[in-house]
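In: coords please:
(one chain, ligands or ions: 1)
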Amino acid sequence: MKDRQDYYYWKAKKEGYRSRAAYKLKQINAKFEIIKKGYHVLDLGASPGGWSQVAVELGADVVAVDLNPMKPIEGVVFIKGDITKEETKEEIRKIRDKFDVVLCDASPKITGKWDLDHFLSMELAKAAFDIAKEFLKPGGNFVVKLFQGAELEEVVREFKKYFRFKKLHAPPASRKRSAEIYFIGKGFGGKFRPKRD
Ligand SMILES: C[S@@+](CC[C@H](N)C(=O)[O-])C[C@H]1O[C@@H](n2cnc3c(N)ncnc32)[C@H](O)[C@@H]1O
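Out: Here you go, the predicted structure:
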């Protein structure tokens, strides 16, 4: 079957990216200008490293975190850790305490039970947001993967309060039938204050 999934899979192989997911970040960045040359980027749920490769290509310095190991990439410092754990934040702090961009493409192990996968994805996204709140510079950018479902609206409502520009976006490289969608937040905190309920 020759669908988009195959297309990006083979394109990644041919062009030397470790994942088809690399094209999602390329497309998101082309549309929203998340990463620029010289930026410090924190990549959560980074393995096998496609997003980190793209960030380095764009001229960023990267700190990457994942439960799974990741083969080295020049320009990337890797932390093997769980983004829901306090000790992982401690490891990040040892390297750098502020970033221009926080990315999170972390996914739970898919069970196929839609509600459970959604719930686990929300837990990861909330953990990523906690990290973003601590580590983003004022004006910084945040991209996080979410699986659609009952809790999404409430979680996104909370995220939105903290950014000047906010949008939900599914890049063309996301599989057509996928439940995934990305929250894009630009212009963190800084001059404007997070809105109260
Ligand atoms: C879809 S992959 C990321 C692909 C990556 N963006 C790329 O382009 O290569 C999702 C990753 O999230 C990681 N992950 C899931 N739960 C995590 C957690 N609690 N802490 C850290 N990483 C986690 C998984 O180990 C997996 O490597």
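
In: CA only for contacts and neighbour counts going forward, please
Out: Noted.

In: what helix or strand is Lys26 on?
Out: In the assignment (DSSP states H and E), Lys26 maps to helix 22-32.

In: Only the buried residues of that helix, if you could.
Out: Buried residues in helix 22-32, defined by neighbour count with 16 or more other C-alpha atoms under 10 Å: Ala22, Tyr23, Lys24, Leu25, Lys26, Ile28, Asn29.

In: filter the residues you listed down to the ones close to the ligand.
Out: Residues of these in contact with the ligand (C-alpha under 6 Å from any ligand atom): Ala22.

In: now, among the buried residues of helix 22-32, which is nearest to the ligand?
Out: Ala22 (4.7 Å; C-alpha to the nearest ligand atom).

In: Not including adjacent chain positions, what is the nearest residue to that closest one?
Out: Gly50 (4.5 Å; C-alpha to C-alpha, 6 or more residues apart in numbering).

In: burial of that neighbour, as a residue count?
Out: Neighbour count for Gly50, taken as other C-alpha atoms under 10 Å: 21.

In: Hmm, it is touching Ser19, no?
Out: Yes. At 5.0 Å, Gly50 counts as touching Ser19 under the criterion of C-alpha atoms under 8 Å.

In: Do I have it right that Phe188 meets Lys160?
Out: No. Between Phe188 and Lys160 there is no contact under C-alpha under 8 Å: 9.7 Å.

In: Who are the contact partners of the residue nearest to Ala22?
Out: Tyr17, Arg18, Ser19, Arg20, Ala21, Ala22 (C-alpha atoms under 8 Å, 6 or more residues apart in numbering).

In: what about 6 Å?
Out: The neighbours of Gly50, taking C-alpha atoms under 6 Å, 6 or more residues apart in numbering as the test, are Tyr17, Arg18, Ser19, Ala22.

In: Could you check how far it is from the ligand?
Out: 3 Å (C-alpha to the nearest ligand atom, to the nearest Å).

In: per-residue confidence for that residue?
Out: According to the prediction, Gly50 has pLDDT 98.

In: Distance of it relative to Lys89?
Out: 22 Å (C-alpha to C-alpha, to the nearest Å).

In: Perfect, that will be all.
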